[in-house]
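A.B. asks: okay, sequence plus prediction incoming.
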Amino acid sequence: MLTRKKTVRKHIRFYGRVQAVGFRYYALNAARLYGATGWVQNEYDDSVTMEIQGTEAQIDDVIAAIRRGTYVRIDYMDVREIDLEPDERGFRVRYY
């Protein structure tokens, strides 16, 4: 049985209509609402990168909230699990 309580950290690259649509602020607000930590930033190729840490349920809830954002369209996500950042607090928008 898959447990959704274990804390994980994911590096996610989002492709689609993800810039100039408020994506990073949807991510920021949702992560804070659901208690996830990490960061989000725009990339030069019009994608968005996020590192997010929390339970699978928290991460799923954050992504679902972003998808509900006006004008946001996620066509593809490249997702990989990475090492935890044990001392990380909060979620923030990073700039290049």
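C.D. replies: On my side now, so go ahead. Residues are numbered from 1 along each chain as shown.
A.B. asks: which SS state does residue 46 fall under?
C.D. replies: With DSSP: H, G, I helix; E, B strand; the rest coil as the basis, residue 46 sits in coil.
A.B. asks: check contacts around it.
C.D. replies: By C-beta atoms under 8 Å, 6 or more residues apart in numbering, the contact set of residue 46 is 18-19. Yep, even glycine has a C-beta here, placed from its N, CA and C like the rest.
A.B. asks: please redo it, this time with the cut-off set to 6 Å
C.D. replies: Residues near residue 46 by C-beta atoms under 6 Å, 6 or more residues apart in numbering: residue 19.
A.B. asks: would you list every one of the strands in the protein?
C.D. replies: Taking DSSP state E as the test, the strands found in the chain are 7-17, 37-42, 48-55, 73-82, 91-93.
A.B. asks: for the last one, buried residues please.
C.D. replies: So the one you mean is strand 91-93. For strand 91-93, burial by neighbour count (16 or more other C-beta atoms under 10 Å) applies to 91-92.
A.B. asks: so what secondary structure elements neighbour it?
C.D. replies: In terms of contacts (3 or more C-beta pairs under 6 Å, 6 or more residues apart in numbering; DSSP states H and E), strand 91-93 is packed against helix 23-34, strand 37-42.
A.B. asks: closest to residue 93 out of these?
C.D. replies: If you check each of these against residue 93 by C-beta to C-beta, helix 23-34 wins as the nearest, at 4.9 Å.
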